[in-house]
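> Mind looking at a prediction? Sequence and model below.
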Amino acid sequence: MAEEGTDTERESRHPCGAGDGEGGCPYGRGDGEGGYPYGPGDRESGYPYGPEDGEGRYPYTPGDRESHYPYAPGETGSSSPRAYGPPVGSWSTYRMVAGMWIRSTMAYPASFALTLAVSGCVTFFDFVVILLMFGQVRGLGGFAFAEVALLYGLAGTSFGIADLTMGSIQRMGRRVRDGSLDTFLMRPAPLLAQVAADKFALRRFGRFLQGMAVLIWGLCLLDLEWTPVKVLLLPVTVVCGAVIFSALMVLGGSALFWMQDAAEVTNAFTYGGNTLLGYPPSVFAQELVRGVVYVVPLAFVSWLPALRLLGRPAPPGVPEGAAFAAPLVAAVCCGLAALAWRAGVRSYRSTGS
């Protein structure tokens, strides 16, 4: 015979409490005044929904539902929830991450000063080789020492800016291998900005200082006839050269999505290109010069603008006005780098891809 009990006993055993809905689990009274999971009839509870006008704290904010979690504004119901807040712009991301590493570095100012000095001295040894050459000869490929210093300074300054701001991308191969790239992908911020700013090495500023010092030295030794065009060409060349080098670094980092151990191959076009541009184009074969103009456009970083400043003709097969095409070349390089980076990110399948 089934066990029968009084109404009071049934109410005590019912999982929701009394039959009139006054129990504490999982709903409150029939009029909706329970504390969980809904509040009173107007749903003014803070969890999980606020009042009908959407003013609850979680998971949505007022009626427009611009909650930062789990969806960004206007994306309620998106299939890609953001775990840490609203998306952040590229510049804001780069500034925050790089600033964190700079503060970490400046916590030990004496160590930073020593590291910066050592970095500048090491990079200066590249120019010492040129100094030793001119200790034995009066010219190199028809260029005097001051002219070679101008070539070296333009390339070194542009590369120093690019290496300081984008040099961390060369670690992409390691991040793909060990899966640490997944951490960056989970954050609501542009991946390229995170990767470029991660482990920001302020010591690389020494390379920029060294290149700028040689550039100023060369300009002081030269007796140039300055015109408004030449005055404008000099800073534009430095900026566009830095953009071209940065684009090449991004292209190299994109290749590491598929070739994780090819970092040295990509460095041949960046670090090797910087060394190449420190010497006059006349000492190289014409095929190499054309390749540096039309294939890997490093000539727009130093050679072509410097020849224009010096009043020398452009290399054979290169238009005379090519020195002014550096901004256009930099824009094309950025576009190609963006496409390559996008393709690399889409092909990424976590560790081992």
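Sure thing, it's come through. Remember, it's a predicted structure, so these values are computed and weren't measured experimentally. Residues are numbered from 1 along each chain as shown.

> helices and strands around whichever strand or helix holds Leu309, which ones?
Element membership for Leu309, per DSSP states H and E: helix 303-310. Here helix 303-310 touches helix 145-166, helix 228-255, helix 286-294, going by 3 or more Cβ pairs under 8 Å, 6 or more residues apart in numbering; DSSP states H and E. In short, each C-beta sits where N, CA and C put it, glycine included.

> Could you check the angle it makes with helix 145-166?
With axes from the mean of the first three to the mean of the last three Cα atoms, to 10 degrees applied, the angle from helix 303-310 to helix 145-166 works out at 140 degrees.

> which outside residues touch helix 303-310?
Outside helix 303-310, the residues that touch it by Cβ atoms under 8 Å, 6 or more residues apart in numbering are 147, 150-151, 154, 222, 224, 230, 233-234, 237, 277, 281, 289, 292-293, 313-315, 318, 322-324, 326.

> next one: stretch 269-283
Contacting residues not belonging to stretch 269-283 are listed as 126-127, 130, 140-143, 147-148, 151-152, 154-156, 159, 162-163, 245, 248-249, 252, 284, 289, 292, 296, 298-299, 301-303, 307, 315 [Cβ under 8 Å, 6+ apart].

> which SS state does the nearest residue to Leu191 once chain neighbours are set aside fall under?
Excluding its sequence neighbours, the residue lying closest to Leu191 (Cβ to Cβ, 6 or more residues apart in numbering) is Phe184, at 5.6 Å. The three-state label given to Phe184 by DSSP: H, G, I helix; E, B strand; the rest coil is helix.

> which residues sit in contact with Phe184?
Phe184 makes contact with Arg175, Leu191, Gln194, Val195, Asp198 under the criterion Cβ under 8 Å, 6+ apart.

> Would you format those as TSV with secondary structure, neighbour count and pLDDT included?
Formatted as TSV, these follow (DSSP: H, G, I helix; E, B strand; the rest coil; neighbours: other Cβ atoms under 10 Å; pLDDT from 0 to 100):
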residue	secondary structure	neighbour count	pLDDT
Arg175	helix	22	88
Leu191	helix	17	92
Gln194	helix	21	92
Val195	helix	22	93
Asp198	coil	19	90
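
> Sort out which one of the residues you listed lies nearest Met96 for me.
The closest of the contacts of Phe184 to Met96 turns out to be Gln194 (Cβ to Cβ; 9.7 Å).

> in whatever helix or strand Ala338 lives in, what's buried?
Using DSSP H and E, Ala338 sits within helix 326-347. Within helix 326-347, the residues scored as buried using 16 or more other Cβ atoms under 10 Å are Ala326, Val329, Ala330, Cys333, Ala337, Ala340, Trp341, Gly344.

> can you tell me how far the fifth one sits from Arg103?
Pointing back at Ala337 there. According to Cβ to Cβ, to the nearest Å, Ala337 and Arg103 sit 29 Å apart.

> Roughly how far does the residue nearest to Leu191 sit from Gly99?
Counting by Cβ to Cβ - Phe184 and Gly99 are separated by 17 Å.

> For stretch 216-231, what is the spacing between the initial and final residues?
Start-to-end span of stretch 216-231 (Cα to Cα, to the nearest Å) is 14 Å.

> Setting the sequence-adjacent residues aside, check what's closest to Ser180.
Nearest to Ser180 is Arg174, by Cβ to Cβ, 6+ apart, at 7.7 Å.

> Which of the helices or strands spans the one you found?
Assigned by DSSP H and E, Arg174 belongs to helix 172-178.

> number of nearby residues for Gly311?
9 (other Cβ atoms under 10 Å).

> From Gly335, how far off is it?
Taking Cβ to Cβ, one finds Gly311 at 33 Å from Gly335.

> again with Ser158
According to Cβ to Cβ, Ser158 and Gly335 sit 19 Å apart.

> before we move on, what about Trp303?
Computed as Cβ to Cβ, the Trp303 to Gly335 distance reads 23 Å.

> okay, the helix holding Leu309 in PDB with CA atoms only?
Output of helix 303-310 as PDB, limited to C-alpha atoms (Å, rounded to 0.1, in the frame of the first residue of the first chain):
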ATOM      1  CA  TRP A 303      69.500  54.000 -52.200                       C
ATOM      2  CA  LEU A 304      67.100  55.900 -54.400                       C
ATOM      3  CA  PRO A 305      66.300  58.800 -52.000                       C
ATOM      4  CA  ALA A 306      70.000  59.100 -51.100                       C
ATOM      5  CA  LEU A 307      71.000  59.300 -54.800                       C
ATOM      6  CA  ARG A 308      68.400  62.000 -55.300                       C
ATOM      7  CA  LEU A 309      69.800  64.000 -52.300                       C
ATOM      8  CA  LEU A 310      73.400  63.600 -53.600                       C
END
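
> okay, the angle between it and helix 286-294?
Orientation of helix 303-310 against helix 286-294 (the same axes, to 10 degrees) gives an angle of 90 degrees.

> Would you mind getting the angle between helix 303-310 and helix 228-255?
Going by the same axes, to 10 degrees, helix 303-310 is angled at 170 degrees with respect to helix 228-255.

> average pLDDT across helix 303-310?
Across helix 303-310, the average pLDDT comes to 94.

> starting at the chain centroid, how far to that helix?
Distance of helix 303-310 from its chain centroid, counting by Cα atoms, centre = their mean, to the nearest Å, is 30 Å.

> Okay, buried residues for it please.
For helix 303-310, a neighbour-count test (16+ other Cβ under 10 Å) marks Trp303, Leu304, Pro305, Ala306, Leu307, Arg308, Leu309, Leu310 as buried.
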